[in-house]
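>>> sequence and computational prediction follow.
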2 protein chains.
Amino acid sequence: MTKAISEKKESSKIKRPNRVLIKEIAEVCGVSTATVSRVINNNGRFSDETRKKVLEAVERLGYKTNIVAKSLRTKKTKSIGIVVPDITNEFFAKIILTIQDFFFTKGYSVLVCNTNEDPGKEELHLKDLEAKWVDGLIYFFCMEDKGQIDAVRKKIPVVFVDRNPNRKVAVVVESDNYTGGFIATEELIKAGSRRIVILKHVLTNSTIVGRYNGYRDALKKYGIEFDPQLALDMYITPDAAKNAISNLIEKGVSFDGIFACTDGLAAGALLALKKYNIKVPEEVKLVGFDNVSISEYNSPSITTINQDKKQLGKIAAQLLFDMINGSPIQEKDIIVPVELVRRETT
Amino acid sequence: MTKAISEKKESSKIKRPNRVLIKEIAEVCGVSTATVSRVINNNGRFSDETRKKVLEAVERLGYKTNIVAKSLRTKKTKSIGIVVPDITNEFFAKIILTIQDFFFTKGYSVLVCNTNEDPGKEELHLKDLEAKWVDGLIYFFCMEDKGQIDAVRKKIPVVFVDRNPNRKVAVVVESDNYTGGFIATEELIKAGSRRIVILKHVLTNSTIVGRYNGYRDALKKYGIEFDPQLALDMYITPDAAKNAISNLIEKGVSFDGIFACTDGLAAGALLALKKYNIKVPEEVKLVGFDNVSISEYNSPSITTINQDKKQLGKIAAQLLFDMINGSPIQEKDIIVPVELVRRETT
DNA sequence: CTGAAAGCGCTAACAC
DNA sequence: GTGTTAGCGCTTTCAG
């Protein structure tokens, strides 16, 4: 009777199973737990015979090391955190994928934290990752720095990706946004544009500032005066871009080129242009930024600035890995080159 | 001298800081560690006075619970795993985002594992997540089931999302793929198509099978004979779809409608149609699936079947959360409705 | 209401 | 080469 009841209980609720412990396999092999630990971690000395014996038992009993216990002891969790504004943005997703793959091959797992550009969430995620003892942090910086960054950096190795927190001492990997903005604008100018709109994020992070400065300098180089009317700030959704461009048209502001700081923005702009039957690239030329699929598979396909997502991710991952494994931390600012991808809008 | 050297060492390498421990705040407050633990977890009895005292010290000294130690004791890690084929696919990313947000509010973190549809990787990730003691698992099932699924399910609560592993006993949340395939095809038929191509994934998971069956049944309903020539299998990249459609055109196979099992595939098909100057929707009509941005911001914008990403994620998260917190596990198959989003390609 | 003490599962000195 | 032992930092009986 009693047995039946307890069985029922068991089956109605998942229980952490009684996993096999290091102690048990030690008993089976007639050695100490220390020895077992040594062969499992291939750390220290042991005879070939014991190695075989232990490994066999591990296999046979299906032993799996309890990483939580191990972490408590070693102070390493074999996991890293990624703090990112928007995981559904293909640009971020691609970088995360590369980082994930890299660390997977090294035996690490990845905690992904989406901030949605919300400083409050960002800070909470940071705290949480710290409490969870991640070994390192990939940080798509977003909020204003009020000192929390240093607080984290002192405890955990961190690599900033994409966005530069503009601190003297930090390891950062970013695209050459300035050059990107410059060549995007230059492409428009060379294609004949003179009145060039720039569509940019209201949030002024380092990437936007870089692209904007490139735009300004390219105008200057070709002796084109900057018109503040043509600098449009918005949240980076295609719809926002569509509205902004529609507005401009309605107001009768003339323009013959658009530099969108994001491919999504470019796609939105295209929609507005189409709505007003403005021919692209004949009447208005357009260049985006990022080179994500929306620019490639659109119609017309959108000329854009390629960011090397793989490279960004790979470098950041390698850097963080090295830091985790004791390579001395020193300020570093890796700039990854960008390139123009010419398509049908210029 | 010695001091200077040791200082140098410290600064050149990040060290896990001596965080403040429960023991220290116990000493400061003149109570035992047990009591501190009780007030921190608001668990058990303690006087109002001690509560204030402890909380104040926690705040002042900046105490943070060491989750690793806590996990070892409680056997809960407050983290869940997500196993997913491709994080850069907007459809998956949106679902993950919702799940992440949900669990964030509950104090959980999320381990994201990308399998790239590779069964080997998938299995390794599964093992890793088990070793890391995740409290639960969201599983976009991909590999062939050879029994590993049950192995995991016995140890960890798991919710299957999007793809149905077709097991009797499982908790799964999926879109109504059959109806989606049906209404997509019906939309094409009602718009005048008779020779309807279907573009689908070579991998025959439950979502593809459902959509395909819907397609077949819609044809049947309207008395249209199925032509195997028009059923095209491929990997789900836009380029593959472009090639497949181009091929069909080159071979002179006639068709006047395309049901693409994915918006990405639809975008690729559009490219091929454009290349051969085939007018959409006049000569060929097109319907996609998923309703991700590539269909919305394309030109022409693509008619598609909306999958309710938010709902899928929300239901899955809630279900898993309930399971983690002891609600009895019982087979369940939640079908989330889909709907037609009519745009410019039909 | 509070304290003492055991112990989660593992690793790493330190002995031998 | 191997065993003994002392924790990692926390929660949770069990006493009082």
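Structure received.
>>> which bits of the stretch 51-200 of chain A sit near DNA strand C?
For the stretch 51-200 of chain A, the residues in contact with DNA strand C (C-beta under 7 Å from any atom of the strand) are A:63, A:65-66, A:69-70, A:72-74. Just so you know, the C-beta spots here come from the backbone N, C-alpha and C atoms, and that holds for glycine as well.
>>> can you tell me which of the residues you listed are in helices?
A:69-70, A:72-74 (DSSP state H).
>>> just the buried ones from those residues?
Buried subset of these (neighbour count, 16 or more other C-beta atoms under 10 Å in any protein chain shown): A:69-70, A:72.
>>> any chance of the residues you listed in a markdown table, plus distance to DNA strand D?
Listed next are those as a markdown table, based on distance: C-beta to the nearest atom of the strand, whole Å:
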| residue | distance to DNA strand D |
| --- | --- |
| A:A69 | 7 |
| A:K70 | 8 |
| A:L72 | 4 |
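>>> check those against chain B, which are close?
The subset of those within reach of chain B, by C-beta under 8 Å from any C-beta of the partner chain, is A:69, A:72.
>>> quick one: the strands in chain A, in order.
Assigned by DSSP state E, chain A shows strands spanning A:79-84, A:109-114, A:136-139, A:158-161, A:171-175, A:196-201, A:231-234, A:257-260, A:285-287, A:304-306, A:332-336, A:339-341.
>>> quickly check: the fifth one near chain B or not.
Read it as strand A:171-175. No - using C-beta under 8 Å from any C-beta, we find that strand A:171-175 stays clear of chain B, coming within 11.3 Å at best.
>>> can you give me the offset of that strand from its chain's centre?
Chain-centre distance of strand A:171-175: 11 Å, with C-alpha atoms, centre = their mean, to the nearest Å.
>>> what helices and strands are in contact with it?
Packed against strand A:171-175 by the contact rule (3 or more C-beta pairs under 8 Å, 6 or more residues apart in numbering or on different chains; DSSP states H and E) you find strand A:158-161, helix A:206-221, helix A:309-324, strand A:332-336.
>>> between the ones you listed, which one is closest to A:N89.
helix A:309-324 (11.1 Å; C-beta to C-beta).
>>> A:I22 contacts A:L61, correct?
No - at 10.7 Å, A:I22 does not count as touching A:L61 under the criterion of C-beta atoms under 8 Å.
>>> neighbour count winner among these two?
When A:I22 is set against A:L61 and neighbours are counted by other C-beta atoms under 10 Å in any protein chain shown, the residue ahead is A:I22, at 21 against 14.
>>> give me the pLDDT value at the more buried one.
The model reports A:I22 with a pLDDT of 93.
>>> quickly note the distance from it to A:Y178.
Distance of A:I22 to A:Y178, computed by C-beta to C-beta, to the nearest Å: 55 Å.
>>> how about the residues of the stretch 51-200 of chain A next to DNA strand C in CSV, adding distance to B:L265 and pLDDT?
Listed next are those as CSV, based on distance: C-beta to C-beta, whole Å; pLDDT from 0 to 100:
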residue, distance to B:L265, pLDDT
A:Y63, 45, 90
A:T65, 43, 91
A:N66, 44, 91
A:A69, 47, 94
A:K70, 45, 94
A:L72, 48, 94
A:R73, 50, 94
A:T74, 47, 93
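>>> for A:T115, phi and psi?
Dihedral pair for A:T115: phi -100, psi -20, per degrees, to the nearest 10.
>>> got a list of what it touches?
A:T115 sits next to A:83-85, A:121-122, A:125, A:142-143 when contact means C-beta atoms under 8 Å, 6 or more residues apart in numbering or on different chains.
>>> ok, the buried ones among the ones in helices among the residues of the stretch 51-200 of chain A next to DNA strand C vs B:M234, which is closest?
Using C-beta to C-beta, these come closest to B:M234 at A:K70, 44.3 Å.
>>> what sits closest to A:I329 if chain neighbours are left out?
Closest residue to A:I329 apart from its sequence neighbours, by C-beta to C-beta, 6 or more residues apart in numbering or on different chains: A:M323 at 5.6 Å.
>>> how many neighbouring residues does the one you found have?
A:M323: 22 surrounding residues under other C-beta under 10 Å.
>>> roughly how far does it sit from B:I224?
On the measure of C-beta to C-beta, A:M323 and B:I224 end up 62 Å apart.
>>> what's the answer for A:G44, then?
Relative to B:I224, and taking C-beta to C-beta, A:G44 is found at 72 Å.
>>> these two: which has the busier surroundings?
B:I224 (15 against 10).
>>> now do the nearest residue to the more buried one once chain neighbours are set aside, the pLDDT please.
Sequence neighbours aside, B:R194 is the residue nearest to B:I224 in space, at 6.0 Å (criterion: C-beta to C-beta, 6+ apart). Reading off the confidence values, B:R194 has pLDDT 97.
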